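[1] I need the structure of the sequence given here:
(2 chains, ligands or ions: 2)
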Amino acid sequence: MTDWCMVIDLEKCVACQGCSIACRFENNTPAVSPQESKNGRAIRWNDVFPLPLHIAPDQGEYPNVKTHYITRPCMHCKNAPCVKVCPVQATFTDEEGIVHQNYNRCIGCRFCTVACPYGVRYFNWFEPKWEETLAEYRNPDQLSVNGSLEGPAVRPTGVVEKCTYCVHRLVKAREQAKVEGRDFRPDEYVPACVQTCTGKARFFGDLDDPDSTVSQLSKSLRAIHLLEDSGAHPKTLYLAEG
Amino acid sequence: MQQTINLHDRDELIAPLYQFDRKFWTTLVVLIVIIAPGMLLYARQLVLGLGVTDLNRPVFWGAYLVNFIFLIGIAMAGTVISAVLQLLKVNWRRPITRIAESLTVFGLMTAGLQIIMDMGRPDRLVFTLLYGRLQAPLLWDIASLTLYLLTAIFALYLQLIPDIALLRDTSPASAPLWRKKLYSILSLGWTGAKEQWRRLEKAITVVSVFIIPIGISLHTVTSWLFSTTVQPGWKSTILGPYFVVGAIFSGIGLLFIATTFARQYNKHLKEYITESFYTNLGWIFIVMSAVWFYFTLNETLVVVTEQETLEFPVMASKLFGEFAPAFWGMIILMIAATWILVAPKFVSDKPTRNPLFQTATGLVATAISIVIFFLLWLRLPALAAPAIQSILIFAFIVLFIFALLGVTKWMKTRIITSTVIASAFVLFGMWLERWNILLPTLTHARLIPYTTYNPTITEIAVTISTFGILTLMFVVFYKFFPSISIWEVEEGRALEADSTH
Ligand code: SF4
Ligand code: SF4
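    Numbers count the residues shown, from 1 in each chain, chains lettered A, B, ... in the order given. Ligands and ions are numbered 1, 2, ... in the order given. The predicted model follows:
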């Protein structure tokens, strides 16, 4: 069985936030006003922020300064705390290890947002809005099977959303292969952030295939998981700096 | 046995049920004025989204959830206390069982309301039934809440049947027809036959036995909402019992306030609810406060001593940081409440000349210590020097002790007033306790910058509304049913008469 996994090499990451922007346009996450953003309501499925976060690090003196950054998509945890607490199965893990979010099912209790140790989940406080003509350039893709609504589909107010590893791209790639009458290959699908990454720091693929890049990289001595102690068994891997 | 109801009881307890006088309508109007703004703001929240609150990322839960836990707490206590006293055959419980049980029902209803108000999509509430995942703690809570609500309504109703039958048989000729009909339907053909009494008493005992574990499970499950997550500050095994103790504690507080309110409202009740009830239940109150302090010490000391990297910042924010006013405010309220309850038991009635025990000293000390508390809270830069801080804290402690000593004499002679004051302190303190459990953890997320949470007018108004609704239910319910279980009181009198023979 395919086991989708992302590996991020922090040594190569230049903290340009390209992934964040690519994600925004791929998945139709609306920008919010600066005031709202200051109030902690910005939505960035893939966020880039300095580490350590809570203790001001010793950055040295200008011009010899050093800062560490991290880019953070959803970890698609194997023992996902968010999935465990959802009362209505609005968020669930599929057999290929992707944690989905169904906007038509979510009741907005925000238990998952509280349970996720990585702060990956976002809530729609207001109705999403796009400035001027931006709404015309929204990604028309969406996943809706049997009344569910996932992917870049515009979210209604009051539901939770999060990074899905661009699961709609996977579905599209599979359909493409089917139309062309051939087998689907795991390297036909990558999320938008991986495709756009300036520093070529992001890798994506099948962890179950021992020859895939991500499998090879996961054996690196630099490979680490974020907050291993949370017990969530995150799947997204990082290659540590230095 | 029912025939022993005398005319006196009927006049005092039943007659007011048919008097829709000025007092009743004024209360109603005042309550509606209190409730309306919150409801309007909630309607606005429904239209615009939860963004009208100050909830944010990572503070996804706020005042609504605090109210929820608080209301679940007071709701849990009512019926559990009355059931325990019932099973122990404690006689002084008789006049208060009905008020206790009704508080449970109303508390649970308003608690359910909080959950709905907190939901982003209240229109999808039914999904919890259609697609409910039994593995999710939230579903345990919903299941447990529903079960407890149904059992509590059942218990309240069982206990009401003989009184409803009495109302049916004694309603004045001027009573509206629909009320007569209502009573005759609700009384289920109760005639007071021996066999009916036997069955009723059996049923009440069975329900009492069942409702205790259900009530305790409800509050424990509510604590599991938090302790089953991996967030620092919540991963605690004592959260369950801590919540239960806090619940019983605040529940008794509300019971005192509700009973006193009922007594003030219908002066005749003073004959039934006497001071001895305040003294007796007061003892349980004191025990609860001791247990509560014990748990709080456990929670605090362990984390402070181990200084673990994730847990400690949460605790530090309570002890010294932005949650210090709420945390120390809670501790001070609890100490004061405990003192108010305990101290009168030790001092003598004799007047004294010792200036320490004068009410005036107490009031002055209270006033100054409140000022100092706010000075410390505001963290004025002018007073930031460690030496000044230490002096202020020391002065506060000394004045606080003076304040406690000063009011003792005054309290001693006014047992009911002082119990109500202590109850109010406990209620407010327990609300703060829930705040202190919920929010410090939320504002200290691991991978999200630390934030703050300041409730907006929406949350404040909705909170006020909620307590208004609770009072409204109470007032309206007791216009239709007697607030004292008449048959139980009668039974108590009969037993007393028997034993004196
Ligand atoms: S990182 Fe958070 S949102 Fe993603 S799977 Fe894990 S718990 Fe769920
Ligand atoms: S907010 Fe939505 S996805 Fe999250 S736990 Fe509640 S119902 Fe599930």
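
[2] Does ligand 1 have contacts with stretch A:40-47?
    No: applying CB under 6 Å from any ligand atom, one finds stretch A:40-47 separated from ligand 1 by no less than 10.1 Å. For every residue, glycine as well, the C-beta is placed using N, CA and C.

[3] so how far is the first residue of that stretch from its last?
    Length of stretch A:40-47, first residue to last, CA to CA, to the nearest Å: 13 Å.

[4] Need the residues that contact that stretch.
    By CB atoms under 8 Å, 6 or more residues apart in numbering or on different chains, the residues outside stretch A:40-47 that reach it are A:19-20, A:23-24, A:27, A:29-32, A:36, A:71-74, A:120, A:122, A:124-125, A:161-163, A:193, B:51, B:56-59, B:448, B:451.

[5] ok, now stretch B:141-158?
    With contact meaning CB under 8 Å, 6+ apart, stretch B:141-158 is reached by A:87, B:72, B:75-76, B:78-79, B:83, B:98, B:101-102, B:104-105, B:108-109, B:111-112, B:115, B:128, B:132, B:186, B:200, B:203-204, B:207-208, B:210-211, B:214-215, B:217-218, B:221-222, B:224-225.

[6] can you tell me which of those residues are up against ligand 2?
    A:Pro87.

[7] Put the buried members of the contacts of stretch B:141-158 into a ChimeraX selection.
    Applying 16 or more other CB atoms under 10 Å in any protein chain shown to the contacts of stretch B:141-158, the buried members can be selected in ChimeraX as follows:
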select /A:87 /B:72,75,76,78,79,83,98,101,102,104,105,108,109,111,112,115,128,132,186,200,204,207,208,211,214,215,217,218,221,222,224,225
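
[8] So which of the contacts of stretch B:141-158 belong to helices?
    B:72, B:75-76, B:78-79, B:83, B:98, B:101-102, B:104-105, B:108-109, B:111-112, B:115, B:128, B:186, B:200, B:203-204, B:207-208, B:210-211, B:214-215, B:217-218, B:221-222, B:224-225 (DSSP state H).

[9] residues touching the residue nearest to B:Ile393 when sequence neighbours are not counted, list them.
    Counting by CB to CB, 6 or more residues apart in numbering or on different chains, B:Ile393 lies nearest to B:Leu376, which is 7.0 Å off, once chain neighbours are set aside. Residues counted as contacts of B:Leu376 (CB under 8 Å, 6+ apart) are B:Pro325, B:Gln389, B:Leu392, B:Ile393, B:Phe396.

[10] any idea how far the second one lies from B:Trp328?
    So the one you mean is B:Gln389. From B:Gln389 across to B:Trp328, the span is 13 Å (CB to CB, to the nearest Å).

[11] what do you get for A:Pro50?
    33 Å.

[12] Could you check which of the two is surrounded by more residues?
    Counted by other CB atoms under 10 Å in any protein chain shown, A:Pro50 and B:Trp328 do not tie: B:Trp328 has more neighbours, with 19 against 14.

[13] did I read that right, the more buried one in a helix?
    Yes: under DSSP: H, G, I helix; E, B strand; the rest coil, B:Trp328 falls within a helix.

[14] is it true that B:Thr466 touches B:Gln114?
    Yes: using CB atoms under 8 Å, B:Thr466 is in contact with B:Gln114, at 6.7 Å.

[15] Need the overlap of contacts for the two.
    Residues touching both B:Thr466 and B:Gln114 (CB under 8 Å, 6+ apart) are B:Asn67, B:Leu71.

[16] ok so, going back, of the contacts of B:Leu376, buried ones?
    B:Phe396.

[17] Filter the contacts of B:Leu376 down to the ones in helices?
    B:Pro325, B:Gln389, B:Leu392, B:Ile393, B:Phe396.

[18] Walk me through the regions of the stretch 301-450 of chain B where pLDDT falls short of the threshold, as ranges.
    B:349, B:351 (pLDDT under 70).

[19] Can you tell me the closest non-neighbouring residue to the residue in it that ligand 1 sits nearest to?
    In the stretch 301-450 of chain B, the residue that lies nearest ligand 1 is B:Leu447 (9.5 Å; CB to the nearest ligand atom). Once flanking residues are discounted, B:Leu447 sits nearest to A:Gly119: 4.6 Å by CB to CB, 6+ apart.

[20] now swap in B:Gly246 and tell me
    Nearest to B:Gly246 is B:Met430, by CB to CB, 6+ apart, at 5.5 Å.

[21] Please apply the same query to B:Ile115.
    Using CB to CB, 6+ apart, the nearest residue to B:Ile115 is B:Phe68, at 5.9 Å.

[22] Quick check: which helices or strands does the helix or strand where the one you found lies pack against?
    Secondary structure from DSSP states H and E places B:Phe68 in helix B:63-87. For helix B:63-87, the packing partners by 3 or more CB pairs under 8 Å, 6 or more residues apart in numbering or on different chains; DSSP states H and E come out as helix B:97-118, helix B:137-170, helix B:194-227, helix B:239-265, helix B:415-443, helix B:457-480.

[23] Reformat those as TSV; add distance to A:Tyr137.
    Listed next are the helices and strands packed on helix B:63-87 as TSV, based on distance: least, CB to CB, whole Å:
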stretch	distance to A:Tyr137
helix B:97-118	35
helix B:137-170	38
helix B:194-227	41
helix B:239-265	48
helix B:415-443	36
helix B:457-480	34
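
[24] Make a markdown table out of these and add distance to ligand 1.
    Below are the helices and strands packed on helix B:63-87 laid out as a markdown table (distance: least, CB to the nearest ligand atom, whole Å):
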| stretch | distance to ligand 1 |
| --- | --- |
| helix B:97-118 | 20 |
| helix B:137-170 | 15 |
| helix B:194-227 | 16 |
| helix B:239-265 | 21 |
| helix B:415-443 | 16 |
| helix B:457-480 | 26 |
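
[25] what's the longest helix in chain A?
    Ranked by residue count and defined by DSSP H, the top helix of chain A is helix A:167-179.

[26] The closest residue to ligand 2 within chain B - nearest residue in space that isn't next to it in sequence?
    Chain B approaches ligand 2 most closely through B:Gly120 (6.8 Å), counting by CB to the nearest ligand atom. Leaving aside its sequence neighbours, B:Gly120 sits nearest to A:Gly108 (CB to CB, 6+ apart; 2.0 Å).

[27] a strand runs through that neighbour, doesn't it?
    No: when three-state DSSP is applied, A:Gly108 is found to be coil, with no strand at that position.
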